[in-house]
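*Asks:* model the structure of this input:
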Amino acid sequence: MSAADFTGFASLFPKETVTHSYVQDIPLPAAPGKESPGTFALVTLDNGLDHSKPTTLGPNTLVELGTVLEGLRDRAARGEIAGVGVTGKPYYLVAGADLSAVKSLEEREQGLHMAQLGHDVYATLANLGVPSFAFINGTALGGGLEIALQSTYRTVSTGAGALALPEALLGLVPGWGGVYLLPRLIGPENAVKVMIENPLSNNRALSGPQAFDLGIADALFEPADFLEQSLAWAAKVISGGLVPERANAVDPSHPDTAGRWAAAVAAGRKFVESKTSNAAPAPAKVLDLMEANRTMSQAESAALECETLAGLMQTDEFRATVYAFLDLVQKRSKRPAGAPDRKLARPVTKVGVVGAGLMAGQLALLFARQLKVPVVLTDIDQARVDKGVSYVHGEVDKLLAKKRISADAANRTKALVSGSVSKEAFADADFVIEAVFEELGVKKQVLAELEAVVSEDCILATNTSSLSVTAMAEDLQHPERLVGFHFFNPVAVMPLLEIVRAPRTDDAVLATAFELAKTLKKTGVLVKDAAAFVVNRILLRLMGEVTAAFDEGTPADVADSALKPMGLPMSPFTLLAMVGLPVAQHVQESLNSAFGDRFPVSANLHKLIDNGVKGLWETGPDGSVSIPDSTLSLMSFGTSPSTAGHVLRRTQDALAEEIGLMLDEGVVAGPEDIDLCMILGAGWPMFLGGITPYLDRVGASERVNGKRFLPPGVASGVASAPAAGPASN
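*Replies:* Have a look, this model is predicted:
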């Protein structure tokens, strides 16, 4: 089929922001003493908008690109051009498929047309009759990276910062050839890393250098003259003077490859189960396709990819994911509800961090790397200060060793971080954050000491995870300068910042906090000063219900696995061990004081803490987990065990109740902010569409509150539509 055959289908999307295909003929540079290898047709993909509006691939975009490529194929047949290249507008090759268009496909046949259209266009690129090149100048996600994979050769800029196939996270598969081409290009193990491990690990992406190291790109050039260098490189390839080496490429038909392929797929399945409990269909489909296509032709794989995509586009999980990713993470996060006018924000030219422990060190590293301003750590003695600064320098050295930063950037970052035993070092700071022990008296003392030395305009911030910011501010001379700035651990990875406004927090202080969050590449959500704010309050309610069921006599494995249908990133008892029993119990006690019996304090956990027990589970040599007899002997249990289904329903209802109360209290502006916080701060699965749509679908919202959190079908077709089957599914 030709691109024109899909014109009728594309006409169904009149509001698409079209990424146009602009063609420029360029005489290729000649090698010394030789003639030019010919004319090169460069296709630039550009939607005509600035860098805040990424280029995407909708139906009209694909029809135009396909038509242009067909014309270039005809020119190649006439001998008019010697090669074709595809690049993008500044900062982008292409940011992937247009999810706004994809989510509107109401029928399976429409999804099939979308999949086939992409394959037909990309097949033209792969079969032009002359070599094709992708010059990856910036972001290349999903279908954008697949354009590059379908090209004969690829160059990438060292400044390209987001190369990925995130489809497994988004409820789809890399179904425009990526799942077929990538394992052949970089090996099955690396392909599983890119298509499965990275998407399911906070949507991790590759940098340009990382993509080059894996073998996705054949050459790596600096941004300043990236296009010129890429064209010169292409000229050498076309003239035969250069043959790129591909050390990681594999031949699927080779006898040794079959075992590697099967092992990589098996490892991928194990990873998916650990991350999602197999509750989402898309990751398994990616691996199914990869497993099947080892013995297929590319055309056979393409047909299977199209059928798979058409089916996945009609699933609840895909539509819910689009709501979570597009409407929440991509849109609402950029327009924080309740944030003051950004024009009120003050400049921050120096940052202070009180404390030099692990959290303080992580904060100092983040501020230095992203703000590029001096950062000073303080603590009670020189040994602690030196340890904190050494930690930051050591982390910078690790980044350098992994080639995540340049030697110059490493030296500059280390030079920005210093330490002192005196808070006088904060005298000229614009922003000081405390990261000391989670005890109100200690934090109030630190803030009082800070106020005595900092300037009148200096903003004070607390990284408290559960304590009252209002109580911290009550003895300050200028309570309006204090704001909650709650990071999640690990700081470098977790994207959420709960920005807590106390009753007297000034608008300029709050605006500065939101601008800082943006500069730090975090998503700030405005939160009212209420015990444990959003994420920890919800997680502790969840863990409290499971722990209570355990204390009542429910077997540990039943209680801990009961929430598996949610596909949470870790089980409640695993989370408990990671947080640490004393920390979890401390927060639970704070919530019990604030909210009463909805947050019961476990006597069993008290006994374990008193006896120095770190966690419930013990891992055996075979990887199995169990509670040691020595731990069980410390605890006592009731005689009212629950089934897994009852624990799940009980937890769903408890979460619906707690979120309903939080919204009544005005902790956040709306249920969408609850969803955003849980996705970015707790790893709540995107395929559930957020926690409130999930509770709507399973019926918990109406069982407990008598109403849904969101209108049926809000923003995504079925993100909050009722689920089929029993409410506990």
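
*Asks:* got the buried residues for stretch 69-85?
*Replies:* Leu69, Glu70, Leu72, Arg73, Arg75, Ala76, Ile81, Ala82, Gly83, Val84, Gly85 (16 or more other CB atoms under 10 Å). C-beta here means a position set from N, CA and C on the backbone, and glycine is covered the same way.

*Asks:* looking at those, which are in helices?
*Replies:* Leu69, Glu70, Leu72, Arg73, Arg75, Ala76 (DSSP state H).

*Asks:* Serialize these to a markdown table and add fields for distance to Leu304.
*Replies:* Listed next are these as a markdown table, based on distance: CB to CB, whole Å:
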| residue | distance to Leu304 |
| --- | --- |
| Leu69 | 24 |
| Glu70 | 25 |
| Leu72 | 28 |
| Arg73 | 26 |
| Arg75 | 33 |
| Ala76 | 29 |
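
*Asks:* list the contacts of stretch 228-246.
*Replies:* Residues outside stretch 228-246 that contact it (CB atoms under 8 Å, 6 or more residues apart in numbering) are 26, 28-31, 34, 36-38, 40, 42, 82-83, 85, 87, 130-131, 133, 135, 153, 155, 185, 215, 218-219, 221-222.

*Asks:* so Leu416 makes contact with Leu377?
*Replies:* No: taking CB atoms under 8 Å as the definition, Leu416 is not a contact partner of Leu377, at 11.4 Å.

*Asks:* more crowded one of those two?
*Replies:* Taking neighbours as other CB atoms under 10 Å, Leu416 and Leu377 compare with Leu377 leading, 29 against 22.

*Asks:* and the more buried one, what pLDDT?
*Replies:* Leu377 is assigned a pLDDT of 98 by the prediction.

*Asks:* same deal with Thr651?
*Replies:* For Thr651, pLDDT reads 98.

*Asks:* ditto for Thr574
*Replies:* 86.

*Asks:* who's in contact with it?
*Replies:* Contacts of Thr574 by CB under 8 Å, 6+ apart are Asp560, Trp617.

*Asks:* next secondary structure after the one helix or strand it maps to?
*Replies:* Taking DSSP states H and E as the definition, one finds Thr574 inside helix 572-579. Counting by DSSP H and E, the next helix or strand C-terminal to helix 572-579 is helix 581-595.

*Asks:* ok, the closest residue in space to Lys522 that isn't next to it in sequence to Phe533 distance?
*Replies:* Leaving aside its chain neighbours, Lys522 sits nearest to Leu497 (4.4 Å; criterion: CB to CB, 6 or more residues apart in numbering). Remark: distance between Leu497 and Phe533 (CB to CB, to the nearest Å) = 11 Å.

*Asks:* show me what the helix or strand hosting the residue nearest to Lys522 is packed against.
*Replies:* If you go by DSSP H and E, Leu497 is part of strand 496-501. Strand 496-501 is packed against strand 482-487, helix 507-519, strand 523-528, helix 671-682, with contacts defined by 3 or more CB pairs under 8 Å, 6 or more residues apart in numbering; DSSP states H and E.

*Asks:* so which of the contacts of stretch 228-246 belong to strands?
*Replies:* Ile26, Phe40, Leu42, Gly83, Gly85, Thr87, Phe133, Phe135, Tyr153, Thr155, Ala219, Phe221 (DSSP state E).

*Asks:* can you flag the buried ones in those?
*Replies:* With neighbours counted using 16+ other CB under 10 Å, those contain these buried positions: Ile26, Phe40, Leu42, Gly83, Gly85, Thr87, Phe133, Phe135, Tyr153, Thr155, Ala219, Phe221.

*Asks:* could you redo those residues as CSV and give each row pLDDT?
*Replies:* Listed next are those as CSV, based on pLDDT from 0 to 100:
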residue, pLDDT
Ile26, 96
Phe40, 98
Leu42, 98
Gly83, 98
Gly85, 98
Thr87, 98
Phe133, 98
Phe135, 98
Tyr153, 98
Thr155, 98
Ala219, 98
Phe221, 97
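
*Asks:* make JSON lines out of those residues and add distance to Met114.
*Replies:* JSON lines is the format used below for these (distance: CB to CB, whole Å):
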{"residue": "Ile26", "distance to Met114": "32"}
{"residue": "Phe40", "distance to Met114": "31"}
{"residue": "Leu42", "distance to Met114": "27"}
{"residue": "Gly83", "distance to Met114": "29"}
{"residue": "Gly85", "distance to Met114": "26"}
{"residue": "Thr87", "distance to Met114": "24"}
{"residue": "Phe133", "distance to Met114": "26"}
{"residue": "Phe135", "distance to Met114": "26"}
{"residue": "Tyr153", "distance to Met114": "28"}
{"residue": "Thr155", "distance to Met114": "29"}
{"residue": "Ala219", "distance to Met114": "32"}
{"residue": "Phe221", "distance to Met114": "34"}
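
*Asks:* and which of those residues is nearest Arg697?
*Replies:* Thr87 (42.7 Å; CB to CB).

*Asks:* for that closest one, what are its contacts?
*Replies:* Leu42, Val43, Thr44, Leu45, Leu93, Ala134, Phe135, Ile136, Asn137, Leu227, Ser230.

*Asks:* so Pro283 touches Ile196, yeah?
*Replies:* Yes: using CB under 8 Å, Pro283 is in contact with Ile196, at 6.0 Å.

*Asks:* overlap in contacts of those two?
*Replies:* Ala168, Gly268, Val272.

*Asks:* may I ask which of these has the most neighbours?
*Replies:* Highest neighbour count within the shared contacts of Pro283 and Ile196: Ala168, with 28 neighbours (other CB under 10 Å).

*Asks:* tell me the SS of it?
*Replies:* At Ala168, secondary structure determined by DSSP: H, G, I helix; E, B strand; the rest coil is helix.

*Asks:* residue contacts, it?
*Replies:* So Ala168 contacts Met195, Ile196, Pro199, Leu200, Ala282, Pro283, Val286 (CB under 8 Å, 6+ apart).

*Asks:* what about the last one, which helix or strand?
*Replies:* When elements are defined using DSSP H and E, Val286 is found to belong to helix 281-293.

*Asks:* helices or strands next to the very next helix or strand once past that helix in the packing?
*Replies:* Note on helix 281-293: by DSSP H and E, the next helix or strand toward the C-terminus is helix 298-312. Counting contacts by 3+ CB pairs under 8 Å, 6+ apart, helix 298-312 is packed against helix 108-126, helix 178-186, helix 281-293.

*Asks:* most packed of these?
*Replies:* Neighbour counts (mean count of other CB atoms under 10 Å) averaged over each of these peak at helix 178-186, with a mean of 25.

*Asks:* just how off-centre is that helix within its chain?
*Replies:* 23 Å (CA atoms, centre = their mean, to the nearest Å).

*Asks:* list the helices and strands it packs on?
*Replies:* Helix 178-186 packs on helix 143-150, helix 188-192, helix 281-293, helix 298-312, going by 3+ CB pairs under 8 Å, 6+ apart.

*Asks:* the shortest one: how far from the chain's middle?
*Replies:* Spelled out, it's helix 188-192. 20 Å.
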